[in-house]
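# sequence plus the predicted model coming up.
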Amino acid sequence: MQQKYFKKVFRGRPRGRVVKVTHSFWQPRFCRFGSWAWTWHRSSGHAEVASHIDHQKDLQLEYTTIYTWGLGEKKKKKEKKRRLAADVTSGVAVMKFKNPPVNSLSLELLTEFVISLEKLENDKTFRGVILSSDCPGVFSAGLDLTEMCGRNPAHYAEYWKAVQELWLRLYLSNLVLIAAISGACPAGGCLISLTCDYRVLADNPKCLIGLNETLLGIIAPFWFRDTLVNTIGHRAAERALQLGLLFPPAEALQVGMVDQVVPEDQVQSTALSVMAQWMAIPDHARQLTKNMMRKPTVDRLLKQRDADIQNFVSFISRDSIQKSLQMYLEKLKQKKG
Amino acid sequence: MQQKYFKKVFRGRPRGRVVKVTHSFWQPRFCRFGSWAWTWHRSSGHAEVASHIDHQKDLQLEYTTIYTWGLGEKKKKKEKKRRLAADVTSGVAVMKFKNPPVNSLSLELLTEFVISLEKLENDKTFRGVILSSDCPGVFSAGLDLTEMCGRNPAHYAEYWKAVQELWLRLYLSNLVLIAAISGACPAGGCLISLTCDYRVLADNPKCLIGLNETLLGIIAPFWFRDTLVNTIGHRAAERALQLGLLFPPAEALQVGMVDQVVPEDQVQSTALSVMAQWMAIPDHARQLTKNMMRKPTVDRLLKQRDADIQNFVSFISRDSIQKSLQMYLEKLKQKKG
Amino acid sequence: MQQKYFKKVFRGRPRGRVVKVTHSFWQPRFCRFGSWAWTWHRSSGHAEVASHIDHQKDLQLEYTTIYTWGLGEKKKKKEKKRRLAADVTSGVAVMKFKNPPVNSLSLELLTEFVISLEKLENDKTFRGVILSSDCPGVFSAGLDLTEMCGRNPAHYAEYWKAVQELWLRLYLSNLVLIAAISGACPAGGCLISLTCDYRVLADNPKCLIGLNETLLGIIAPFWFRDTLVNTIGHRAAERALQLGLLFPPAEALQVGMVDQVVPEDQVQSTALSVMAQWMAIPDHARQLTKNMMRKPTVDRLLKQRDADIQNFVSFISRDSIQKSLQMYLEKLKQKKG
């Protein structure tokens, strides 16, 4: 039954993979069920099960689903008191970006991401998602410059629409979204984290977070601005956006860019325990309240979505912008080479 | 003359009652004037006079009016220099909620409250009001669930209109409003405090404050949201509203839910001295400035007041909501019993 | 060539004047070029050059322009590596208000200020301006009460339009604006500082900053409010505007009225080093981002600019307002006398 479930959620050719255990007290027990594998935490009574999609070389999304071990009603009732914490976190999916080396938001990743989100939204089993990264040192480097450089206007338009779509889905998601950030989180990566309901950042000076578009000579669109202003207020956003500030953890916490800074090895467990707090709220009331808070911001984009695409296409098509992006990409290649 | 004055302000069958003296230095002298009683503080040169309305068993509003003792011009001039502090606080009314056990905002209390506010607004003697509670341990528990459960739609509509009316009156009041909060302050109680110009909270872990509607499975309306966003900003409001957070004093202060946290026995005196600061500002300029700050928020409700009532009525009339409210009320009854 | 340049920028009869050197490491070398004088800082490789306009007794604006010494291409290339810091700060003008005794914003000063700003905006040599004061103890006392008292409606209208114009120019300036505040900064002086991109305040209890209009019985217009709300948020602005709060340095920093508080003798040097940070951002991206942040606020005034002028004229023409302004001016005269 579990196997069937996962087949529904994860398309492609799933291969089971055991994810590393981060917060077990007892020794975990490794299990295998068909092509699926999981880790059973006897201490907390929940299991981590991982599937792995491998559509193509440069696009990998990994999902980890955390749910209470043993869905049978009998067992559930028996153990109810012993594993309250586990009950609370049941229905939580962990999505890990995996597009090495820096989790660039390629068009395919964006498309895949939106489809997966939609499925999770429609699947009543899930109530919350923890967004995380499988690439060490980086949450996501943001938009994929190769999608915005040397292509034709139609491609730029398609790409921008996909970026909009991701933001629209994330910002008004009915799911509780928590960002577990253990790496650098600039530009588009930062935007994704800002759409979440809560942000946990690793206390590592390399974990810089911010909308640093101006540093590349480009401009964050107005809905990036709105998302940032809603999070850290007008004044801090004004300064951060103009200077393209990338905040180190302590400053990020102080300005309100993230909600919590914890040691690197506690990011996931903190995200899980924060999630438990959010899961304790009746879904319907929480969702309507979230909608009430964020709908006006989303409507601003919806009213002028096409104009925003046109703006982007005409801006990015400029010779000067294309040149500077090409130079930047050349530099990146040389670094790698 | 004073008696006459109070008769004008307080309808019903007033019975004099001496309120407890909170900040006297010298021994107070108890006085009686017709059916009125007061306490004269020789140290500060002002008197506290109390009237007590007792319309019916479950509705009691208590007003304490603080004014300079001796309105006669002669006396006033003589003592002018000696009691500057008293002069500054003259024109301050203290309104204490008294609807035991938890100051629920029943329809009658709301109606009475609005009428009293209107009278104070129109009475040039008064420039400021301190909102407080006469029920130990609670400022106000908020909306009265019995008004929203098992009644007909017309009643729900009438009740919601009264809640709106209170908010409209308080939020744009020309008077300086200061909340002196010495008890729990959830939901509607919190809303009332948020309409004030300043909030003083007792440093007691039981003095929790917040809009905790989601915990009951209901949703704070958009004008509750607006009032909160205006007070603590978008991000903090988003989190607080979704999680139905009730802040203990230190956190309430940090997030900006209240302006000052003081020991429990200094709440009233702090409110009075803060009031003195506000009374030092020319009324006209202060009122126009307050209006400029808050009018846009009020206009948002006025534009769709009827729609907001309809929303409330159809929401609260749902079977699922009625059931959960009934269950909640049953629990409360069992607790008492 | 430099002389010619300055002639273009500074109209009137310029007389050279050497400004005091604030952050030199080596001994500065004093130079003179025609009627211009400057100080050469060998340590940092830049020069301060001052011109002095003296149109009439009660109006003096002083400009200090900081640029890399030696505009010749040859020299520039040679020294490029050695003086990166200087390169970064090149293109910075220092404008010092000089309208003794308190830098009141007279109609002439406003007009002159706007013209100078426009010239600097159009001159590609300049990328940033540091706003400062040449009058000890005061940044600017704000609007000139003599322009608003005992004149005719046409004058009031003209004056108010000039105030609006200054705000419009400053708030959307393409230049990086940094306020170096070493003195009292009330009302209109505070407004000017709030339009800047960054505010450095001297750590001196006399350096009070705030929009204290209500204390005089007048009301800050809505665009003053908007500028303040954008800077310190709705709640803090509501309280500050109603009470006419003048914040001492530590409180100003905490509430977000200023971005940095430093010892008095480091205000200018801090402003310069902050400027270097802002100059490191590509102009085009920074300007568009600034515009995106501030345009909606500016548009609100532009939509009702004439109505705002009419409001001001009818308000300021009231007998009661005129009387209280006259009394206030009498008091000020007596103080001086």
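In hand now; what should we look at?

# chain B contacts on chain A?
A:197-198, A:229-233, A:256, A:259, A:277-278, A:281-282, A:284-286, A:288-290, A:292-294 (Cβ under 8 Å from any Cβ of the partner chain). Where you see a C-beta, it was placed from the backbone N, CA and C, and this is true even at glycine.

# can you say which of the residues you listed are buried?
A:197-198, A:229-233, A:256, A:259, A:278, A:281, A:285-286, A:288-290, A:292-294 (16 or more other Cβ atoms under 10 Å in any protein chain shown).

# among those residues, which ones are in helices?
A:229-232, A:278, A:285-286, A:288-290, A:292-294 (DSSP state H).

# the stretch 201-337 of chain A: strands as residue ranges?
Here the stretch 201-337 of chain A has its strands, by DSSP state E, counting those that start in this stretch, at A:209-210, A:260-262.

# and chain C, which of the buried ones among the residues of chain A next to chain B reach it?
Answer for those near chain C (Cβ under 8 Å from any Cβ): A:G233.

# what's the most buried one of the strands of the stretch 201-337 of chain A?
Ranked by mean neighbour count under mean count of other Cβ atoms under 10 Å in any protein chain shown, those are led by strand A:209-210, which reaches a mean of 26.

# right, is that one up against chain C?
No. Using Cβ under 8 Å from any Cβ, strand A:209-210 never reaches chain C; the gap is at least 13.0 Å.

# got it, and stretch A:140-152?
No. Counting by Cβ under 8 Å from any Cβ, chain C is not contacted by stretch A:140-152; separation bottoms out at 14.9 Å.

# end-to-end on that stretch?
Its start and end residues considered, stretch A:140-152 measures 25 Å (Cα to Cα, to the nearest Å).

# any weak-confidence spans in the stretch 151-300 of chain A?
Within the stretch 151-300 of chain A, no range satisfies pLDDT under 70.

# repeat that with 90
The model of the stretch 151-300 of chain A has pLDDT under 90 over residues A:216-217.

# just the helices in it please.
Secondary structure of the stretch 151-300 of chain A (DSSP state H, counting those that start in this stretch): helices located at A:153-171, A:187-194, A:222-232, A:234-243, A:249-255, A:267-279, A:283-303.

# let me know which of the ones you listed is tucked in deepest.
For these, the highest mean count by mean count of other Cβ under 10 Å goes to helix A:187-194, at a mean of 27.

# run the chain-centre distance for that one.
8 Å (Cα atoms, centre = their mean, to the nearest Å).

# now for it, which elements pack on it?
Counting contacts by 3 or more Cβ pairs under 8 Å, 6 or more residues apart in numbering or on different chains; DSSP states H and E, helix A:187-194 packs against strand A:104-105, strand A:142-143, helix A:153-171, strand A:176-181, strand A:209-210, helix A:222-232.

# separation between A:L110 and C:S173?
37 Å (Cβ to Cβ, to the nearest Å).

# most centrally placed residue in chain A?
Closest to where the C-alpha atoms of chain A average out (Cα atoms, centre = their mean) is A:L131, at 3.6 Å.

# hey, what's that one bridged with?
Counting by DSSP bridges, A:L131 forms beta bridges with A:M95, A:A179.

# gap between it and A:A184?
On the measure of Cβ to Cβ, A:L131 and A:A184 end up 15 Å apart.

# write out the residues of the stretch 151-300 of chain A neighbouring chain C.
A:213-220, A:222, A:225, A:233-235, A:237-239, A:241-244.

# give me that answer again for 10 Å
Applying Cβ under 10 Å from any Cβ of the partner chain, we find that the stretch 151-300 of chain A lies next to chain C at A:211, A:213-222, A:224-225, A:229, A:233-245.

# against A:L245, how distant is the residue nearest to A:P186 when sequence neighbours are not counted?
Distances taken as Cβ to Cβ, 6 or more residues apart in numbering or on different chains place A:N212 nearest to A:P186, at 5.1 Å, with adjacent residues excluded. Distance, A:N212 to A:L245, by Cβ to Cβ: 7 Å.

# in terms of contact, does A:P263 touch A:C207 like I think?
No. Counting by Cβ atoms under 10 Å, A:P263 sits too far from A:C207 to count as a contact (11.4 Å).

# before we move on, back to that, now distance to C:V267 too, for the strands of the stretch 201-337 of chain A, in TSV please.
Output for the strands of the stretch 201-337 of chain A, formatted as TSV (distance: least, Cβ to Cβ, whole Å):
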stretch	distance to C:V267
strand A:209-210	28
strand A:260-262	32
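
# do you know the pLDDT at A:A85?
pLDDT, A:A85: 30.

# mind listing what's buried along stretch A:94-114?
Buried residues in stretch A:94-114 (16+ other Cβ under 10 Å): A:94-99, A:102-110, A:112-114.

# and the end-to-end length of it?
Stretch A:94-114 end-to-end distance (Cα to Cα) = 15 Å.

# just how off-centre is that stretch within its chain?
Computed by Cα atoms, centre = their mean, the chain-centroid distance of stretch A:94-114 equals 9 Å.
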